[in-house]
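Student: build me a model from this:
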Amino acid sequence: MPNPFFQFKQFVVFHDKCAMKVGTDGVLVGAWAQVERTSRILDIGTGSGLIALMLAQRNPQAFVTAVDIDEAAVEQARENVARSPWADRMEVTQLDIRQAPEEWKGRFDAIVSNPPYFVESVKCPQAQRNTARHTDALDFEALLAKVAFLLSDEGCFSVILPAQAASDFVALALKEGLSLSRQTWVHSRAELPPKRVLMAFVKSSCLQTEIRHLAIETTHHVYTPEFKELVKSFYLAL
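Tutor: Residues are numbered from 1 along each chain as shown. Here you go, the predicted model:
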């Protein structure tokens, strides 16, 4: 039986009730996202609450709001937040982000998401997992429209996606007035094509995008210095 929880350095995440378990994608965007010098942070599609907890650890001054459409995920995220050191400055809300309240307009200095991104791929029979993995419930256009509505003028939106989705996502973001400021291509190993891409968007125009590459391993279970530096505040074994 898989372990029902994942122990990080400063908090524990139970994920037995969630469709999507703790994984590298969430840890990557939670460690990479720009959340310094922010006061209000939003995690869209929080699942177990992993990313929200990472952001709360990284920024001791910020209040973190985490939302998810799935009732079971919200229940689990609330339990994980309640046992964390930062419960007094975090909230978890069951919400379809497309129905975000009007008073949230421009509220958040940082928005972070590990969104559903499997478009037209084979679906599993479990409806809860489909909602977490596929874009039927929240497509990229709907996500970006809400990000543009919720993000403050000086705020930053950080996201992780499959590498092949990058160009389409950037084009859709531009239509919503969001410019790509940072991009990190994520490779399993340096010699392999990237599987994921980390991207950060802002409302101001960017004359130049900071582009980097990150390899996770050199060989199987031997992690690169760059990856270990990025996640050293969270993983116990690195």
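
Student: list the buried residues for stretch 3-17?
Tutor: Neighbour-count burial for stretch 3-17, counted by 16 or more other C-beta atoms under 10 Å, picks out 6, 8, 11, 13, 14, 15, 17. Just so you know, the C-beta spots here come from the backbone N, C-alpha and C atoms, and that holds for glycine as well.

Student: can you tell me how far the fifth one is from residue 64?
Tutor: When you say that, I think you mean residue 14. When C-beta to C-beta, to the nearest Å is the yardstick, residue 14 and residue 64 sit 18 Å from each other.

Student: go on, the last one?
Tutor: Distance, residue 17 to residue 64, using C-beta to C-beta: 20 Å.

Student: for residue 43, give me its contacts.
Tutor: 49, 51, 52, 55, 64, 65, 66, 67, 111, 112, 113 (C-beta atoms under 8 Å, 6 or more residues apart in numbering).

Student: out of those residues, list just those in helices.
Tutor: Secondary structure assignment by DSSP state H places 51, 52, 55 of these in helices.

Student: is the last one in contact with residue 33, as I believe?
Tutor: Yes. Taking contact to mean C-beta atoms under 8 Å, the distance of 6.9 Å between residue 55 and residue 33 places them in contact.

Student: name the element residue 79 belongs to?
Tutor: Assigned by DSSP states H and E, residue 79 belongs to helix 71-82.

Student: what's the answer for residue 185, then?
Tutor: In this structure, residue 185 is located in strand 179-189 according to DSSP H and E.

Student: helix, strand, or coil at the closest residue to residue 72 other than its chain neighbours?
Tutor: Sequence neighbours aside, residue 17 is the residue nearest to residue 72 in space, at 4.7 Å (criterion: C-beta to C-beta, 6 or more residues apart in numbering). The three-state label given to residue 17 by DSSP: H, G, I helix; E, B strand; the rest coil is coil.
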